[in-house]
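Undergrad: turn this into a model:
(2 chains)
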Amino acid sequence: MKKYSAFALVKEAFNNHLGWGRAWRHAQPKKRYKVIIVGAGGHGLATAYYLGKNFGIRDVAVIEKGWLGGGNTGRNTTIIRSNYLQEESAAIYEKSRSLYETLSQELNYNIMFSPRGVMMLCQTEHELRAMKRTYYANRLFGVQTEMVSPMRMKEMIPIINTDGPRYPILGGLWQPRGGTARHDAVAWGYARAISSWGADIIENCEVTGIVREASKVASIQTTKGSIDCEKLCFVVAGSSSLLAELAGFRLPLESVALQALVSEPIKPVMDCVVMANTVHGYMSQSDKGEMVIGGGADGCNNYSQRGSFQHIEETVRALIETFPIISRLRQLRQWGGIVDMTGDRSPIISKTPVENIFLNCGWGTGGFKAIPGSGWATAELVAHGNPGKLAAPFSLARFVEGRMIDESIAAAVAH
Amino acid sequence: MLRFKCPVCNTVADETELSPGGEAHIERMGPGSSDDAFYKYLFERKNPLGIHFERWFHAYGCGKWFHAARCTKTMEIFGTYKAQEIKPPKHIIDAITKKRPNWKNE
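TA: As a prediction, the model looks like this:
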């Protein structure tokens, strides 16, 4: 791996930039790996990275049916925050946020982490009460947040309209250390790191079958042939139910479409992330100047990676009242991703009915922020065969035991 | 936008008139059932890529629930039928197999 530095940049400048090389190798599958991770998105690559870094397991293949980071990792609105209500969630999301802070240096790859602050708007009395409760919970868990009055918010975000008739702003929950990062770079940075120590990243390779011996999985069938493994880990978000079906079990998941859009670029108008949960509108301004807007999830099962027009319309209609300045912006592009929703809106990091298959899924609409923490916890689970402290509450068994980690009530919406 | 024919009021309804209600034909488990059966009833879902039998609520119409058969990949709707049916009726199965000869109802 070539180290990226100012010195390397100067050196390459005299070499017409011909010597950089590929960031990661395009590998073909070997006959056997210790661990196979299905899904080369952020979570899958992070799992491979922490398996190598924390546990020295580097005989790993990450296989991907499409291209690296082409699923939800490349389709989200890149928001990073950890102001969750439940203790279990706060632990893993805060771990994740703190790993993001030093990830660029650690990976020697600029993920453009920008801790610009995240403002969650309170637009109903109910939401104001819920956010105050979250704020108190955050203080108890050591997550730094504060409540902000409408007047103070107007000073912080001058383009906001705090006294709209339908969605007035009654307050806000401000997490100063939240922010955004470059989503593709997170996947690319992890890929480059694991590839440098010999892990194989195999793109365009779809899993078509899972071969079991007694209670264990022995090998997987793929479009690039059969591969043996000691341990198998599914990190495939919206396609989790399909892989589980191949392995012979079912999951408490439903796959739905979640959409986002960006406007044409404009001059800087807003230097933080704003989340309007009541109206399902999430907005920040990218470094290029585009307003990046995330919408709400559709209600019906969907694998098409395209969402419905009416949900985008609802989001934009509501945001225009709160941000009148965006009313005449044109939409540059719009896209959808397939997210896997659990009943309690919390993820699953768990063992499965098959002894050596592990599962990381169910991040629903909020997976990007969790990438490093999720990879950290999943690597621990795969390496030891048992979950560590971070992952333990997120087991599949919680649904049987009624031990929900209820973030749907906490956020009052999908988040 | 999806458009369903409501089998109760016989009008063609836009998706905005309806609320999705998730997977259909889930067997209800009562207080006497095992934890595992209750978990399956409450949480476990088929979530298929392809034909999905699902419930819809005609919220801004006649206010009744009904069933639909829809493909989750192409969004094609194969037909709707009443909420009282405990499994997909023959004309729905026929409509699906006519277009998808290899499809199996599992």
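Undergrad: for the rest of this, base every contact and every neighbour count on C-alpha atoms.
TA: Fine.
Undergrad: keeping just the C-alphas, turn stretch B:29-46 into CSV.
TA: Included here for stretch B:29-46 are C-alpha records, laid out as CSV according to Å, rounded to 0.1, in the frame of the first residue of the first chain:
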residue,chain,number,x,y,z
MET,B,29,-51.1,-16.8,18.0
GLY,B,30,-52.9,-16.4,21.3
PRO,B,31,-51.8,-16.3,24.9
GLY,B,32,-51.5,-20.0,25.2
SER,B,33,-48.9,-20.4,22.5
SER,B,34,-45.2,-21.0,22.9
ASP,B,35,-42.7,-18.1,22.9
ASP,B,36,-41.3,-19.2,19.6
ALA,B,37,-44.7,-19.3,17.9
PHE,B,38,-45.5,-15.9,19.3
TYR,B,39,-42.2,-14.5,18.0
LYS,B,40,-42.9,-15.9,14.6
TYR,B,41,-46.4,-14.3,14.6
LEU,B,42,-45.2,-11.0,15.8
PHE,B,43,-41.9,-10.5,14.1
GLU,B,44,-40.7,-13.1,11.6
ARG,B,45,-41.5,-12.2,8.0
LYS,B,46,-41.0,-13.9,4.6
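Undergrad: name the nearest residue to the residue of chain B found nearest chain A, ignoring sequence neighbours.
TA: In chain B, the residue that lies nearest chain A is B:Glu44 (4.1 Å; C-alpha to the nearest C-alpha). Nearest residue to B:Glu44, sequence neighbours excluded (C-alpha to C-alpha, 6 or more residues apart in numbering or on different chains): A:Pro252, at 4.1 Å.
Undergrad: right, and that neighbour touches A:Ser346 too?
TA: No: between A:Pro252 and A:Ser346 there is no contact under C-alpha atoms under 8 Å: 11.3 Å.
Undergrad: more neighbours, these two?
TA: A:Ser346 (25 against 21; other C-alpha atoms under 10 Å in any protein chain shown).
Undergrad: please list all residues in contact with the more buried one.
TA: Residues near A:Ser346 by C-alpha atoms under 8 Å, 6 or more residues apart in numbering or on different chains: A:89, A:362-364, A:394, A:405-407.
Undergrad: which of the residues you listed has the largest number of neighbours?
TA: Neighbour max across the contacts of A:Ser346 (other C-alpha under 10 Å) = A:Gly362, 30 neighbours.
Undergrad: I figured that residue hits A:Ile348, correct?
TA: Yes: using C-alpha under 8 Å, A:Gly362 is in contact with A:Ile348, at 5.4 Å.
Undergrad: show me where chain B has its strands.
TA: B:3-5, B:12-14, B:19-23, B:51-57, B:65-71, B:77-82 (DSSP state E).
Undergrad: can I get those in a markdown table with mean neighbour count, mean pLDDT and distance to chain A?
TA: A markdown table is the format used below for those (neighbours: other C-alpha atoms under 10 Å in any protein chain shown; pLDDT from 0 to 100; distance: least, C-alpha to the nearest C-alpha, whole Å):
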| stretch | mean neighbour count | mean pLDDT | distance to chain A |
| --- | --- | --- | --- |
| strand B:3-5 | 18 | 97 | 12 |
| strand B:12-14 | 14 | 96 | 11 |
| strand B:19-23 | 18 | 95 | 6 |
| strand B:51-57 | 22 | 97 | 8 |
| strand B:65-71 | 23 | 98 | 8 |
| strand B:77-82 | 20 | 97 | 13 |
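Undergrad: from what I can see the residue of chain B closest to chain A touches A:Phe249, true?
TA: No: B:Glu44 lies out of contact with A:Phe249 (C-alpha under 8 Å); the separation is 9.9 Å.
Undergrad: A:Lys154: which of the strands of chain B is closest?
TA: Of all the strands of chain B, strand B:19-23 sits nearest to A:Lys154, with 36.3 Å by C-alpha to C-alpha.
Undergrad: mind checking the longest helix of the chain?
TA: Looking at chain A here, since you left the chain open. helix A:125-141 (DSSP state H).
Undergrad: my question was about chain B
TA: Assigned via DSSP H, chain B shows its longest helix as helix B:90-99.
Undergrad: helices or strands next to that helix in the packing?
TA: In this structure, helix B:90-99 packs against strand B:77-82, with contacts taken as 3 or more C-alpha pairs under 8 Å, 6 or more residues apart in numbering or on different chains; DSSP states H and E.
Undergrad: pairing partners for the strand it packs on, with directions?
TA: Strand B:77-82 has the following sheet partners, assigned by DSSP bridges: strand B:65-71 (antiparallel).
Undergrad: near chain B, which residues of the stretch 51-200 of chain A are found?
TA: On the criterion C-alpha under 8 Å from any C-alpha of the partner chain, chain B has no neighbours in the stretch 51-200 of chain A.
Undergrad: the strands in the stretch 51-200 of chain A, which residues?
TA: A:60-63, A:79-80, A:118-122, A:146-148, A:171-175, A:179-180, A:200-202 (DSSP state E, counting those that start in this stretch).
Undergrad: the stretch 251-400 of chain A too?
TA: Taking DSSP E, counting those that start in this stretch as the criterion, the stretch 251-400 of chain A contains strands spanning A:254-263, A:273-276, A:281-285, A:291-301, A:331-341, A:348-351, A:357-361.
Undergrad: could you dump the ones you listed to JSON lines with mean neighbour count, mean pLDDT and distance to A:Gly74?
TA: Shown next, in JSON lines, are the strands of the stretch 251-400 of chain A (neighbours: other C-alpha atoms under 10 Å in any protein chain shown; pLDDT from 0 to 100; distance: least, C-alpha to C-alpha, whole Å):
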{"stretch": "strand A:254-263", "mean neighbour count": "25", "mean pLDDT": "95", "distance to A:Gly74": "11"}
{"stretch": "strand A:273-276", "mean neighbour count": "24", "mean pLDDT": "96", "distance to A:Gly74": "18"}
{"stretch": "strand A:281-285", "mean neighbour count": "24", "mean pLDDT": "94", "distance to A:Gly74": "16"}
{"stretch": "strand A:291-301", "mean neighbour count": "24", "mean pLDDT": "93", "distance to A:Gly74": "13"}
{"stretch": "strand A:331-341", "mean neighbour count": "21", "mean pLDDT": "94", "distance to A:Gly74": "9"}
{"stretch": "strand A:348-351", "mean neighbour count": "25", "mean pLDDT": "97", "distance to A:Gly74": "21"}
{"stretch": "strand A:357-361", "mean neighbour count": "25", "mean pLDDT": "97", "distance to A:Gly74": "17"}
